[in-house]
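Engineer: sequence and predicted model, in that order:
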Amino acid sequence: MDASESYVSLFQQIRIMLFSSELIKGTLKTIVLKLLADNKRMYGYEITQKVKELTRDRILITEGALYPTLHALEADGLVVTELEYIGKRVRKHYKLTPSGKSKTKEKVSELIEFMQTMHVLLDINLQTN
């Protein structure tokens, strides 16, 4: 199982047509960190499109949610930016710092444990396809 497949299987553990913004807010940092860990570096629009693709349109991240999250991760020293000049445009790429890499593992483990706890608490069967 490659990184992309493991990331998709993480989201397939909870099956809902479209996730509420409350759920997304609580997991957005983890989502962004995991994507950056799997893809080395990404720019904002690329992150939104990858999430949309991997979740089959069940999670749609807006710029208004993504960029404050990226800025918070940068302020916490978990990501750094690299500028790429494309003609007259500048594209800002984000990539993990060494502490960002270890924080990613921590956050993913925490989310998995949380989902397992919710499974027990709510007495539900999670489907995986």
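Structural biologist: Received it, and whenever you're ready, just let me know what you need. Numbers count the residues shown, from 1 in each chain.
Engineer: find the residue at the geometric middle of the protein.
Structural biologist: residue 31 (1.4 Å; CA atoms, centre = their mean).
Engineer: helix or strand for it, which one?
Structural biologist: Per DSSP states H and E, residue 31 falls inside helix 21-39.
Engineer: who does that helix touch, helix- and strand-wise?
Structural biologist: Judged by 3 or more CB pairs under 8 Å, 6 or more residues apart in numbering; DSSP states H and E, helix 21-39 is in contact with helix 3-12, helix 44-54, helix 63-75, strand 89-96, helix 98-122. Any C-beta I mention is one placed from the backbone N, CA and C, and that applies to glycine too.
Engineer: can I get that helix in CSV, CA atoms only?
Structural biologist: This file holds the C-alpha atoms of helix 21-39, laid out as CSV (Å, rounded to 0.1, in the frame of the first residue of the first chain):
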residue,chain,number,x,y,z
SER,A,21,-17.1,22.1,8.4
GLU,A,22,-16.9,21.3,12.1
LEU,A,23,-15.2,17.9,11.4
ILE,A,24,-12.9,19.5,8.8
LYS,A,25,-11.8,22.2,11.2
GLY,A,26,-10.7,19.6,13.8
THR,A,27,-8.7,17.7,11.3
LEU,A,28,-7.4,20.2,8.8
LYS,A,29,-3.9,20.6,10.3
THR,A,30,-3.5,16.8,10.2
ILE,A,31,-4.8,16.6,6.6
VAL,A,32,-2.3,19.3,5.4
LEU,A,33,0.6,17.8,7.3
LYS,A,34,0.0,14.3,6.0
LEU,A,35,-0.4,15.6,2.4
LEU,A,36,2.9,17.5,2.7
ALA,A,37,4.6,14.4,4.1
ASP,A,38,3.4,12.3,1.2
ASN,A,39,4.1,14.8,-1.5
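Engineer: find the nearest non-adjacent residue to residue 31, please.
Structural biologist: Once flanking residues are discounted, residue 31 sits nearest to residue 51: 6.3 Å by CB to CB, 6 or more residues apart in numbering.
Engineer: how about the contacts made by the one you found?
Structural biologist: Residues in contact with residue 51 (CB atoms under 8 Å, 6 or more residues apart in numbering) are 31, 35, 59-61.
Engineer: most surrounded residue in those residues?
Structural biologist: residue 31 (25 neighbours; other CB atoms under 10 Å).
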